[in-house]
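Asker: Coordinates only, no sequence provided:
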C-alpha cells in the first residue's frame, strides 16, 4: 500500500506521532512518503502558511497514493489536495477550542466555522483520546475512531540522563503555548521546592536527556489529547503530575501512575509536585507502574496491527 503522511513537522508532539506511525508502516512493508513543506515559523503565521504551502505541494505531486494520512487540522488542506484514493485525518484534541485559547475573536470564529467542512474531507477520522472523541461527537456529531499514538520505545531506550545540576529539578517539556498551561506552572514555580526547568525549544535528544535527569515531570495543560511528553516521561521513569484535563486522565490514573490536579490550579500543581519530591517511595511506585503501562499500551509492536487494519478498512470502502 502507498501511504502519504502529512504533518507540519516530524518531531515533537503530533510530529513524533506522525513519524512513528510512518516508521511502523514502513517496517510493515508499505511504501511510505512524508510530505514536507516550508512555512513561516512566526508564532501567528506558522499554521496558516503550512496549510497553504503543504496543500500546494500536495496538489502538484505526481505520485498517486492509496492513503493520505494527515495529522492535525492544519494538514487537512494538503490531505484534501493530495492525489490519493482515501483520506485519514488524526485529531489531537478539539482543534477550534485549542485555537481559540491562542487566537480569540474573529480568527477563532472563522476556524470554528471551517472545522466541520475540513472534517468532512476525510474518509476516516481518528484520535488517540476518548475525551476528544466524546467532545467532537457532542459538538459536531462526528465520532473519530480511537487508536493510540505509538511511542518510539527503541529510541527512548537509548536516552541517557543529562548531568544533574544542584538540587532536585521539576521539568516541563513541550511548547510554550497558552493551552499547554505554562502560565500556570510559572505561577506555581515560587511554591515548588525545586528548580523548574522549561524545556520548550531543545532538540528531542537534549530534551529527553534533561527530562530523564529530572525528579518530577509536570503536564499542566488546560486542554490536551494524550500528550507525547507524558508518555515519554512515563517510559523514562520520571514521576508525573498532570492536570485533570482533556485526555490526560486516560494516561495518568491518580494515585496509580501519577497525580492529577484541577486544570489552572497553580497551588494544587505546586503541592502535588512537592509531595512527589518529599515522598520518594510514592514517586518510585507511581513511576514504575506508569512505565509498565506505557510499554504495554503504546509500544509500536502493539499498535502497528491496529493501523494496518485501519488502512485496510478505509482502502476497501
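Answerer: Received, thanks. This is a predicted model, so every value here is computed, not measured.

Asker: Tell me who's in contact with the nearest residue to residue 245 once chain neighbours are set aside.
Answerer: Spatially, and ignoring its direct neighbours in sequence, residue 245 is nearest to residue 263 (4.0 Å; Cβ to Cβ, 6 or more residues apart in numbering). The C-beta positions use only the backbone N, C-alpha and C, and glycine is treated the same way. Residues in contact with residue 263 (Cβ atoms under 8 Å, 6 or more residues apart in numbering) are 181, 184, 220-222, 243-245.

Asker: Would you mind listing the buried residues in stretch 60-71?
Answerer: By neighbour count on 16 or more other Cβ atoms under 10 Å, the buried set for stretch 60-71 is 61, 65-71.

Asker: for those, which one is nearest residue 52?
Answerer: residue 70 (14.6 Å; Cβ to Cβ).

Asker: does that closest one sit in a helix, a strand or a coil?
Answerer: strand (DSSP: H, G, I helix; E, B strand; the rest coil).

Asker: mind starting the numbering at 796 from now?
Answerer: All right, first residue 796 from here; so that's residue 865.

Asker: quick one, phi psi at the closest residue to it other than its chain neighbours?
Answerer: Leaving aside its chain neighbours, residue 865 sits nearest to residue 874 (3.7 Å; criterion: Cβ to Cβ, 6+ apart). With angles defined as degrees, to the nearest 10, residue 874 sits at phi -60, psi -40.

Asker: so residue 874 touches residue 881, yeah?
Answerer: No: taking contacts as Cβ atoms under 8 Å, residue 874 lies outside contact range of residue 881: 10.3 Å.

Asker: Neighbour count: the two, which is higher?
Answerer: Legend: neighbour count by other Cβ atoms under 10 Å for residue 874 and residue 881, higher for residue 874 (27 against 18).

Asker: Distance check, the more buried one against residue 985.
Answerer: 45 Å (Cβ to Cβ, to the nearest Å).

Asker: before we move on, the earlier item: touching both of residue 874 and residue 881, which residues are there?
Answerer: By Cβ under 8 Å, 6+ apart, the residues touching both residue 874 and residue 881 are residue 863.

Asker: can you pull out the helices in the protein?
Answerer: In the chain, the helices defined using DSSP state H lie at 809-822, 841-855, 871-876, 890-897, 901-915, 925-935, 948-951, 977-983, 999-1007, 1023-1030, 1061-1073, 1075-1093, 1095-1110.

Asker: most neighbours per residue, which of the ones you listed?
Answerer: Stretch with highest mean neighbour count among these: helix 1023-1030 (a mean of 26; mean count of other Cβ atoms under 10 Å).

Asker: okay but residue 917 is in contact with residue 883, surely?
Answerer: Yes: counting by Cβ under 8 Å, residue 883 is a contact partner of residue 917 at 6.2 Å.

Asker: Mutual contacts of those two, please.
Answerer: Common neighbours of residue 917 and residue 883 (Cβ under 8 Å, 6+ apart) are 865, 874.

Asker: Distance across stretch 869-887, terminal residue to terminal residue?
Answerer: Start-to-end span of stretch 869-887 (Cα to Cα, to the nearest Å) is 11 Å.

Asker: what do you get for stretch 1017-1029?
Answerer: 20 Å.
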